[in-house]
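[1] take this sequence and fold it.
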Amino acid sequence: MASDLTQGAISSWLYRLTAPMVLGILSIFLFNLVDTYFISLLGTEPLAAVSFTFPVTMMIMNLAIGLSIATGAVVARSLGQKDVAQARNWVTASLYLSFILGLVLGGIGIATQSTVFTWLGASDELIVLISDYMTWWYLGCVLLIVLVIVNASIRATGNTKLPSLIMLGSACINGILDPLLIFGLGPFPKLGIQGAAIATAISWAVAFIVVLRYLLKKDLISLAIPSGIIKQWQQLTKLGIPAALTNMLGPLANGIMVAWVAQYGTHAIAAYGVGSRIEPLAMIVIMAFTASLPPFVGQNHGAGEDKRIEQALIKSMQFLFGWQLVVYALLVLFAEPVSQIFSDEQPVQTIIQSFIYIVPLTYFAMGFTLVCTATLNALHKTHLSLNINLIRLFLFYLPCAWLGQHFGGLTGLFWGCAIGNLLMGSTMLILFMRAKNNPDIRQRLLSV
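    Residues are numbered from 1 along each chain as shown. Have a look, this model is predicted:
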């Protein structure tokens, strides 16, 4: 049922777990970029409308990721303890919980969308476009949440290839349907921005059918409700709520950033929306590590191989430092053509290029923080991870961005983001070295 991550070379396992996740996460971000590209062909207003949706969609996405972190942690720990039956029960319990969560969030989203996006600063004209897009997105979000949580369960077994292939297939379906439904090619109706959301929902539905059939075939899940499912839900929410809050902090901070950027006009918000989609693409390897480290950490901690966890974290940070500097150099080299892909208006292009020149310079520092918090989540220290991310965003990132905006306008805001990332990354590295060299701190972190 599962790969044994407690044996063998650490670097080899990190590569085998992370490489497929790069493909899978790339598929997710290309999914968003394809939507952005086709919608940008409709004009600046539709592009700005979708830019307003990004904080909300990512907040729901990260809520699902938070619960998937809890699921992955308990499944991986059970497998590390060689308790396969218990791992199967956790997967089943998480499936039912994700269905309930998706239905509730979708209903709340549809009921409150006008109020939420008005608060974010959208004009009445943009609210109409946003509603066309988000109504369908909310209707399909139950499938997204199920996919995120179930894929985390599969990764906990050491299989990162299948979730990646599922994400890739979903992205391909979305890429094919987008132009057909947005522009009404052939026999398809011309639905505009609404077509992008419908294409997204259809791709999620196909992926859900595939993953459910696989889980049943491999006996990784049971449709029968497990005995003690309420206690399992309590444990999942105990771990998952802090992890979910941690993952929701980013979209919340981004929502604040959107409100600040909106003061500079439609061109600025359209450009920032593009930057918000370039950012996760530039950080794809960081995100892959945050997804692949938890199964490694969980299984090794369950087996008592805690020294391997420390070594894996060091190797991860060393690699990310060099990798992200290479990524930054490539972004700077291609900043102009990238900006031209997403807009033919010079003001929008200029702001996109400004974002690329400044903010990605310190993504490696953000990576240090994210891999450390991912490790803490896998060790069931989700409350500590939440506190670290609160400090990252509300003590460093947002205050620095506000100060930058106050003294330097939109460009100053971008510099503030970069400085905030650097300050938190440096702080996280110092704290990690202190924990590494202090047996008492290390023991408290490794206790469950």
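[2] all contacts plus neighbour counts: C-alpha atoms, from now on.
    Fine.
[3] shouldn't residue 355 be in contact with residue 414?
    Yes - if you go by Cα atoms under 8 Å, residue 355 and residue 414 touch, sitting 6.3 Å apart.
[4] low pLDDT regions in the stretch 201-350 of the chain?
    In the predicted model of the stretch 201-350 of the chain, no residue satisfies pLDDT under 70.
[5] the helices in it, which residues?
    For the stretch 201-350 of the chain, the helices defined by DSSP state H, counting those that start in this stretch occupy 229-262, 266-282, 284-302, 306-333, 335-342, 346-358.
[6] what's the angle from the shortest one to helix 346-358?
    Read it as helix 335-342. Orientation of helix 335-342 against helix 346-358 (axes from the mean of the first three to the mean of the last three Cα atoms, to 10 degrees) gives an angle of 140 degrees.
[7] flag every buried residue along helix 335-342.
    335-336, 338-340, 342 (16 or more other Cα atoms under 10 Å).
[8] output it as PDB, nothing but the C-alphas.
    Extracted C-alpha coordinates of helix 335-342, given in PDB (Å, rounded to 0.1, in the frame of the first residue of the first chain):
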ATOM      1  CA  ALA A 335      10.100  40.100 -17.800                       C
ATOM      2  CA  GLU A 336       9.200  42.100 -20.900                       C
ATOM      3  CA  PRO A 337       7.800  39.300 -23.000                       C
ATOM      4  CA  VAL A 338       5.900  37.900 -20.100                       C
ATOM      5  CA  SER A 339       4.200  41.200 -19.400                       C
ATOM      6  CA  GLN A 340       3.300  41.400 -23.100                       C
ATOM      7  CA  ILE A 341       1.600  38.000 -23.000                       C
ATOM      8  CA  PHE A 342      -0.900  39.100 -20.500                       C
END
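[9] chain center to that helix: distance?
    24 Å (Cα atoms, centre = their mean, to the nearest Å).
[10] quick check, central residue of the chain?
    Central residue of the chain (Cα atoms, centre = their mean): residue 62, 5.8 Å from the mean position.
[11] which neighbouring elements make contact with the helix or strand hosting residue 14?
    Using DSSP states H and E, residue 14 falls within helix 10-40. Helix 10-40 sits against helix 44-80, helix 161-183, helix 193-217, helix 266-282, helix 284-302, helix 306-333, helix 335-342, with contacts defined as 3 or more Cα pairs under 8 Å, 6 or more residues apart in numbering; DSSP states H and E.
[12] for residue 443, give me the pLDDT.
    According to the prediction, residue 443 has pLDDT 64.
[13] what comes up buried for stretch 301-316?
    301-303, 305-306, 308-310, 312-313, 316.
[14] include distance to residue 427 when you put those into JSON lines, please.
    Output for the buried residues of stretch 301-316, formatted as JSON lines (distance: Cα to Cα, whole Å):
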{"residue": "301", "distance to residue 427": "25"}
{"residue": "302", "distance to residue 427": "29"}
{"residue": "303", "distance to residue 427": "30"}
{"residue": "305", "distance to residue 427": "27"}
{"residue": "306", "distance to residue 427": "23"}
{"residue": "308", "distance to residue 427": "23"}
{"residue": "309", "distance to residue 427": "20"}
{"residue": "310", "distance to residue 427": "18"}
{"residue": "312", "distance to residue 427": "20"}
{"residue": "313", "distance to residue 427": "16"}
{"residue": "316", "distance to residue 427": "17"}
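[15] show me where pLDDT drops low in the stretch 1-150 of the chain?
    1-4.
[16] from the buried residues of helix 335-342, pick the one nearest residue 429.
    Minimum distance to residue 429 across the buried residues of helix 335-342 is 29.9 Å, recorded for residue 335 (Cα to Cα).
[17] ok so, going back, which of the buried residues of stretch 301-316 sits closest to residue 11?
    Checking the buried residues of stretch 301-316 one by one against residue 11 (Cα to Cα), the nearest turns out to be residue 312, at 7.4 Å.
[18] can you tell me how far that closest one is from residue 350?
    40 Å (Cα to Cα, to the nearest Å).
[19] and what of residue 13?
    Taking Cα to Cα, one finds residue 13 at 42 Å from residue 350.
[20] which one of those two has more residues nearby?
    Just comparing residue 13 and residue 350: by other Cα atoms under 10 Å the higher neighbour count belongs to residue 13, 20 against 17.
[21] who's in contact with the more buried one?
    residue 5 (Cα atoms under 8 Å, 6 or more residues apart in numbering).
[22] and the gap between it and residue 274?
    34 Å.
[23] kindly report the same for residue 214.
    According to Cα to Cα, residue 214 stands 35 Å off from residue 274.
[24] what about residue 397, how many residues nearby?
    22.
[25] that older thread, let me know the closest of the buried residues of stretch 301-316 to residue 87.
    residue 302 (12.4 Å).
[26] quick check: closest non-adjacent residue to residue 6.
    The shortest distance from residue 6 to any non-neighbouring residue, by Cα to Cα, 6 or more residues apart in numbering, is to residue 300 (5.1 Å).
[27] separation between the one you found and residue 379?
    According to Cα to Cα, residue 300 stands 10 Å off from residue 379.
[28] now swap in residue 403 and tell me
    36 Å.
[29] these two: which has the busier surroundings?
    When neighbours are counted by other Cα under 10 Å, residue 379 comes out ahead of the other of residue 403 and residue 379, with 22 against 16.
[30] done for today, thanks.
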